[in-house]
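# compute the structure for the input listed below.
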Amino acid sequence: MEETTTVPMSTDMDGVNTISSNKALQPLLDMAKEYCSVKNNASVNVGMIRTLILKALSDSNIFNGFDQIKYIVEPALKSTTTGAAAEGDVLLQTLDLFSYGTYHDYCKHNTSTTKKYLTLTESQVYKLRQLTVVSLVQQ
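Model prediction:
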């Protein structure tokens, strides 16, 4: 008998199935757990966590779960040295932006003099705009 893996299924506010997003997100969550496990916490590689976050932001199939990634990586990023902690804060704030923020927030707080968030690529900005529209429609 074949063993099957059950992917948790969730629905958004309109009852739309988000299973494809969960399938794309799960490997990233597993990698985040591996990178940030308690036994590896002494040697947290912020660059690897950054790459993982950028992959989630760039994946055209992931529109939710950024708060789950933050929940996993935050303790590890908070435990890093001072220089890496500043980068960690920017990474965490960018995850918050994609979880709860809007494109307007990004423009307002990412100027030539202030960099609260990572600098986003065109595709990441497009995704943030899509998420902003969804947020506005739900209000």
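# least trustworthy helix or strand in this structure by mean pLDDT?
Lowest by mean pLDDT, DSSP states H and E among the helices and strands of the chain is helix 19-35, with a mean of 84.
# and it, what other elements does it pack with?
Using 3 or more C-beta pairs under 8 Å, 6 or more residues apart in numbering; DSSP states H and E, the elements in contact with helix 19-35 are helix 46-58, helix 66-78. C-beta coordinates here come from the backbone N, C-alpha and C atoms, glycine included.
# the inter-axis angle of the last one versus helix 46-58?
Right, helix 66-78. Per axes from the mean of the first three to the mean of the last three C-alpha atoms, to 10 degrees, the angle that helix 66-78 makes with helix 46-58 is 170 degrees.
# which other helices and strands contact helix 66-78?
helix 19-35, helix 46-58, helix 82-100.
# residues in contact with it?
Applying C-beta atoms under 8 Å, 6 or more residues apart in numbering, the contact partners of helix 66-78 are 25, 28-29, 32-33, 35-36, 41, 44, 46, 49, 52-53, 56-57, 84-85, 88-89, 91-92, 95-96, 98-100.
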